[in-house]
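Chemist: 3D model of this:
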Amino acid sequence: MSGSRVLETAATARRAALPLAALSRAEKDAALEAVADALLARSGDVLEANRRDVEAARAAGRSEAVLDRLLMDGAGLEGIAATVRQVAALPDPIGETLHSAVLPNGLDVRRVRVPLGVIGFVYEGRPNATADAAALCLKSGNAVLLRGSSVARTTDAALIAVVRGALAGTAVPVDAVQQVPGDGHGPVRELMTARGLVDLLIPRGGADLIRTVVTGATVPVLETGVGNCHVYVDRDADPGTAISVLLDAKAQRPSTCNAAESLLVHAEVADAFLPGALAALRAAGVTVHGDTRVAAYDPSVVPATEADWGAEYLSLDISAAVVDSLDDAVAHIRRYGSGHTESIVTRSRPAARRFTSLVDSAVVAVNVSTRYVDGGEMGLGAEVGISTQKVHARGPISLAELTTAKYVLTGDGHVRGAAAAPPGLGCDALAGD
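Modeler: Numbers count the residues shown, from 1 in each chain. Alright, predicted model coming up:
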């Protein structure tokens, strides 16, 4: 039964999590360096597995967005190995003191960062996420159960085999990294309800996957979000800077959740900005779905529908509207945005402050492409997704977000009441028995 296999795998991961939590930074870093070396040494195995997945996806008529996320090459694998090394180079979050105080009665109170335990990661066809999740979970002292989509199953299996093979010669238990067994949706449902075995489940992918996990799980879920990201060009924006930021945000890699899907332009800068911007988008192969004010600048603009304003295209498409004020831009974002990332292009510090204060998203950027919202680009080493929740993790889910905390109290026989040990039964008396 696939369910029993999933639970057995989760139980094995839980056993591996105990010794993993106690390892030193040096032991974990050595294991990650071994993983990076192995990814390069066995690149042929991984790339051959990926070739088979890509061929099968093309034969099945998968979209270009799916193929873009799935495809790997030698340079991409080198990048994955480099990311693993970047994670190894980061400070160890485990044991970090988050709060420390000595109370007037002498009681020492500390709050320290600790691993979560076993993390389940359910994601769609993005093989680099396999290595990123394994590296981040190991560094943060967690065992990880990996469940990618069927479209990348062969690649994921090859990557996990490389990681486990590398761990065999290190202090990290091999079973701290495992692929969830079985086919179809059944194993995911088992993972979603494995209370007592899985401490946290993270879904990463499209809206349907995330909704299924969030509504069906009985284990704690850290929800990642879809990305209807906006670029707002303020009235004080430099047109050249705005075009550069917009093109990178939309066209650099449109299949990602941090690609821009909506453009908002202040009416006072529309004449100076939109003709050049629309021409640049057209040259980049981007189809603009605009309101009537945008369409007046370029006949190639497709009339926008209500559905366009909330769309996550993941393609060379973008919605566009002219707004009369910064507050109108914020109102549009609050109505249609997904809470992922919004960017303002402006030379006005007051406008930047107001935008960053009013926009309620996981990340708000000023004169920065939305494509920078990535754990690696933000100096976090890597990420397993972008959280749009308002919980302990919001924005890139990296090392710190894969931990929890516990309080450690240290005293000297502190008691709250008078129920202390009776005379003659104190520590000295007991020691003499």
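Chemist: Which helix runs longest in the chain?
Modeler: Of all the elements of type helix in the chain, the one with the most residues (DSSP state H) is helix 2-21.
Chemist: residues of that helix that come out buried?
Modeler: Of the residues in helix 2-21, 2, 6-7, 9-10, 12-14, 16-17, 20-21 count as buried by neighbour count, 16 or more other CB atoms under 10 Å. Just so you know, the C-beta spots here come from the backbone N, C-alpha and C atoms, and that holds for glycine as well.
Chemist: What is the nearest of those to Asp37?
Modeler: Nearest to Asp37, judged by CB to CB, of those is Leu20 at 20.1 Å.
Chemist: Give the closest residue to the residue nearest the centre of the chain in space, chain neighbours not counted.
Modeler: Per CA atoms, centre = their mean, the C-alpha nearest to the average position across the chain is that of Gly385, at 1.4 Å. Using CB to CB, 6 or more residues apart in numbering and skipping residues adjacent in sequence, the residue nearest Gly385 is Thr224, 3.5 Å away.
Chemist: What are the phi and psi values at the residue nearest to the centre of the chain?
Modeler: When read as degrees, to the nearest 10, the backbone of Gly385 gives phi 150, psi 180.
Chemist: these two touch, right, it and Leu209?
Modeler: No - using CB atoms under 8 Å, Gly385 is not in contact with Leu209, being 11.3 Å away.
Chemist: Next, the buried residues of the helix or strand that contains Glu48.
Modeler: If you go by DSSP states H and E, Glu48 is part of helix 43-59. Neighbour-count burial for helix 43-59 flags 43, 46-47, 49-50, 53-54, 56-57 (criterion: 16+ other CB under 10 Å).
Chemist: Return the closest of those residues with respect to Leu116.
Modeler: Val46 (28.0 Å).
Chemist: Run through the residues that contact the closest one.
Modeler: Listed by CB atoms under 8 Å, 6 or more residues apart in numbering, the contact set of Val46 reads 39, 72, 77, 155, 158-159, 162.
Chemist: Identify, from those, the entry nearest to Pro275.
Modeler: Distances from Pro275 to these, taken by CB to CB, are shortest for Met72, at 39.5 Å.
Chemist: tell me the SS of that closest one?
Modeler: coil (DSSP: H, G, I helix; E, B strand; the rest coil).
Chemist: From Val66, how far off is Leu47?
Modeler: Using CB to CB, to the nearest Å, we find Leu47 at a distance of 18 Å from Val66.
Chemist: Likewise for Asn142?
Modeler: Counting by CB to CB, the gap from Asn142 to Val66 is 29 Å.
Chemist: distance of the nearest residue to Ala56 once chain neighbours are set aside from Pro187?
Modeler: Nearest residue to Ala56, sequence neighbours excluded (CB to CB, 6+ apart): Val151, at 7.6 Å. According to CB to CB, Val151 stands 16 Å off from Pro187.
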